[in-house]
Structure formats: C-alpha cells, structure tokens
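Chemist: Starting from these lines, generate the structure:
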Amino acid sequence: MTITVEYYLILSAFMFFVGVAGVLTRRNAIIVFMSIELMLNSANLTLVAFSSYLGNSIGQLFVFFVMTVAAAEAAVGLAIIIAIFRNKLTVNIDEINILKW
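Modeler: As a prediction, the model looks like this:
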C-alpha cells in the first residue's frame, strides 16, 4: 500500500483547521501563537506533498523560506509576549489593551 498525496492533503487540512480553531477560540497569547505555527506547518506539509507528487523541488525550496519566516516570527513573537507579560502580568488577549488610548 502506498501513501498518496491525498492523505498528506487531508492531514494538512486537518492541521490547518485545528490551528484556525485555536486562533479563534483561545484567549491565551501563547496558545494563539502555537496555533499560528501549526497553520504554517500545515502549509509546509502541503508544499512538500505537492513537490514530491510533481517531482519538482521548488516546493521544498519554498518550505525553507517559510521555515525562515516562522523562526523569525517565533523569536520576535515570544519576545513581545514576554515583554507584555512583564508589564501586564498576564498573557490573556482580552486583558491586554496597550494599544488603546
């Protein structure tokens, strides 16, 4: 039995929808941040699946760019979350209103 591209796409869609559900329903900034990372990983899985299916390595090259952006986003995002926690003593999105007048 071989694993076809449809299985990878189904897994990727499931991962993406779990990430969207996490962003829309959770109020913890760290959980929202992890959900965004999950959505980026599902996009990477889709790119690798199509790259393998088509026999072209361009999709794998795009994955490296997405991973670079995700690493930079993780570093900056966690630094912002830590700075907000130091000021507000919470990571609850509803209680963080530093951009309001």
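Chemist: Next, the residue nearest in space to the middle of the chain: secondary structure please.
Modeler: The residue lying closest to the centre of the chain (Cα atoms, centre = their mean) is Glu37, at 2.0 Å. Put simply, Glu37 is helix when judged by DSSP: H, G, I helix; E, B strand; the rest coil.
Chemist: Would you mark the buried spots in the helix or strand bottoming out on mean pLDDT in the chain?
Modeler: Every helix and strand in the chain was compared by mean pLDDT, DSSP states H and E; the lowest is helix 58-88, with a mean of 92. For helix 58-88, burial by neighbour count (16 or more other Cβ atoms under 10 Å) applies to 59, 62-63, 70, 77, 81, 84. (Each C-beta comes from the backbone N, C-alpha and C, glycine too.)
Chemist: Ile98 sits in which helix or strand?
Modeler: Per DSSP states H and E: Ile98 is located in neither a helix nor a strand.
Chemist: Pull up the gap between it and Val91, please.
Modeler: Going from Ile98 to Val91 by Cβ to Cβ, to the nearest Å gives 13 Å.
Chemist: so what sits against both of those two?
Modeler: Residues touching both Ile98 and Val91 (Cβ atoms under 8 Å, 6 or more residues apart in numbering): Ile84.
Chemist: Compare neighbour counts for the two and give me the winner.
Modeler: Neighbours were counted for Ile98 and for Val91 using other Cβ atoms under 10 Å; Val91 has more, 18 against 8.
Chemist: doesn't Ile30 make contact with the more buried one?
Modeler: Yes. Using Cβ atoms under 8 Å, Val91 is in contact with Ile30, at 5.8 Å.
Chemist: picking that back up, so for the residue nearest to the centre of the chain, what's the pLDDT?
Modeler: Among the per-residue scores, Glu37 holds a pLDDT of 94.
Chemist: Trp101 too?
Modeler: As predicted, Trp101 sits at a pLDDT of 61.
Chemist: The chain should start at 41 in everything you say after this.
Modeler: Okay, using 41 as the starting number, the last item reads as Trp141.
Chemist: Quick check: pLDDT value at the residue nearest to Ala110 when sequence neighbours are not counted.
Modeler: Leaving aside its sequence neighbours, Ala110 sits nearest to Leu80 (Cβ to Cβ, 6 or more residues apart in numbering; 4.9 Å). What the model reports for Leu80 is a pLDDT of 94.
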